[in-house]
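Undergrad: sequence unavailable; structure follows:
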């Protein structure tokens, strides 16, 4: 979408406020014209010799006009700035909501820090444009036009001389604005890279310290920060040069007024009071003229930010409810993969899934095993539509998964990934994340089934303990089990464990699997596992290699055929025995 049209769309959300702001701004601009005329009355009263009362009356008149002028100016700014804040609030909400709708593939190609920079800095630049920028776009032309009209009515010849320096403004603004836009865009993009560098190091601080590469990362950040400094200084240099150039215009105009106006007064063609009108107008126009430099920068930064925000908004979510979506009240849990193929962007020559076929009955527990990179996680990610697949390749209860409403689908499927993400809040809030109204008893029961209740109670504040970012204050096994408790509390029709028991010991794994046998009654379970002990009791086990299923059956059947599963099983049995001997 065109950035201007997008901006107009948001401005239309507050027609009353912007209409009021425009009216107040017009009133301010009109009162601006009255002040020089009030000054002329004071000078005229002094020259006429009418005495102190006449001068005092003229001064009081000026004070009254100046007070009203100040109040109207204040009101116009409050209304316009408040409207800009409300639009900023709406844009930020829309931006966040849009991010939630984008597929996982989008985040695989975007840096988190850059997205954060757009959500904070770029939206802030848009707000400045909609407030101070838009206010000056409305008022400045009126200030100039009104001043020109009054000055022309006094002396057209001197007015044309006075305006001659200001005609350079068009050329100056046009020349500088394009350069400011390019410099601002470059600086904002670099700011995104710096934000990404900070975010990556904050998230990966343990890796940085483990490998003792603090100095290397410091130098890498300094290089990015140096680039930001250079690009930001380019914006400053171009902006300062433009503002300095614009600041000279009123000076030249003042020289013209004093020179030409002085001659006119000496020749009797102009009263001294009228000369003061010209002088005051130029004085009052000095600030708006210099401010236009800031406004041009604000406008260009705003449009550069609109362009960056627009890149996100214009990314159409590939995974969304379709117009022909079916209406279904409940999902039982039968899953079927029919000639399913899938390749990640950029890896079309080596697809993650290759014409895979598999049928899972409702309520059945299926184990999925295979070597690293065989496509196990990709396969289960297609069930809740975390990745987009072709039509008629994945079915749930006989319905194409692409035709199921996303809210129904994802509320019926709970997935626990290997890298379990926890939010920076309490343990209880993390467990009740999918069920906000869950009672403490339900939260405790889910924790017990996930074999993490006792460890939570040993924390300083129990279930009210606030975990660090991404749950960093907990062990990997604790994070996985809290994430498992979160999924169990949801009571889904389909439960997916994507190697989510990899960080727990064998004894804890056995206890969790025992609980899952009870919980699995009536629901479909897909268990991706590296350790074969996690799927040994599954109703069916499928073995994957290079995106295809190469073996399937029960544990005993797969061991008996002496294939890939049997080789993996023997290898893990040997590793388990060696580990037991070392501990002994």
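TA: Happy to help now that I have it. No experiment lies behind these values; they were computed from the predicted model shown. Numbers count the residues shown, from 1 in each chain.
Undergrad: from the chain's centre, how far out does the lengthiest helix in the chain sit?
TA: Taking DSSP state H as the criterion, the chain has its longest helix at helix 52-101. Centroid separation between helix 52-101 and its chain, computed with Cα atoms, centre = their mean, to the nearest Å, is 29 Å.
Undergrad: kindly report the same for stretch 352-370.
TA: How far stretch 352-370 lies from its chain's middle: 36 Å, per Cα atoms, centre = their mean.
Undergrad: name the residues of it that are buried.
TA: Residues of stretch 352-370 classed as buried: 352-354, 356, 358, 360, 362-370 (neighbour count, 16 or more other Cβ atoms under 10 Å). Where you see a C-beta, it was placed from the backbone N, CA and C, and this is true even at glycine.
Undergrad: which members of those residues are positioned in strands?
TA: Judged by DSSP state E, the buried residues of stretch 352-370 include 353, 354, 356, 358, 360, 365, 366, 367, 368, 369, 370 as members of strands.
Undergrad: turn the residues you listed into a markdown table, columns for pLDDT.
TA: Shown next, in a markdown table, are these (pLDDT from 0 to 100):
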| residue | pLDDT |
| --- | --- |
| 353 | 92 |
| 354 | 90 |
| 356 | 92 |
| 358 | 93 |
| 360 | 92 |
| 365 | 90 |
| 366 | 92 |
| 367 | 91 |
| 368 | 93 |
| 369 | 91 |
| 370 | 88 |
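Undergrad: widest-spaced pair of those?
TA: Using Cβ to Cβ, those span at most 24.9 Å, a distance reached by 354 and 365.
Undergrad: residue contacts, the residue nearest to residue 432 when sequence neighbours are not counted?
TA: The shortest distance from residue 432 to any non-neighbouring residue, by Cβ to Cβ, 6 or more residues apart in numbering, is to residue 438 (4.2 Å). By Cβ atoms under 8 Å, 6 or more residues apart in numbering, the contact set of residue 438 is 431, 432, 489.
Undergrad: which residues touch residue 560?
TA: residue 566.
Undergrad: cool, residue 518 as well?
TA: So residue 518 contacts nothing (Cβ under 8 Å, 6+ apart).
Undergrad: please, which helix or strand holds it?
TA: Per DSSP states H and E, residue 518 falls inside helix 506-519.
Undergrad: isn't residue 413 up against residue 383?
TA: Yes: between residue 413 and residue 383 there is a contact at 5.9 Å, judged by Cβ atoms under 8 Å.
Undergrad: so what sits against both of those two?
TA: Common contacts of residue 413 and residue 383 (Cβ under 8 Å, 6+ apart): 494, 496.
Undergrad: backbone dihedrals for residue 242, please?
TA: phi -70, psi -50 (degrees, to the nearest 10).
Undergrad: and the closest residue in space to it that isn't next to it in sequence, how far is that from residue 416?
TA: The shortest distance from residue 242 to any non-neighbouring residue, by Cβ to Cβ, 6+ apart, is to residue 176 (4.0 Å). Distance, residue 176 to residue 416, using Cβ to Cβ, to the nearest Å: 56 Å.
Undergrad: next up, the contacts around the residue nearest to residue 242.
TA: Listed by Cβ under 8 Å, 6+ apart, the contact set of residue 176 reads 238, 239, 241, 242, 245, 296.
Undergrad: list the buried residues for stretch 193-205?
TA: For stretch 193-205, by 16+ other Cβ under 10 Å, it's 193, 194, 195, 196, 197, 199, 200, 201.
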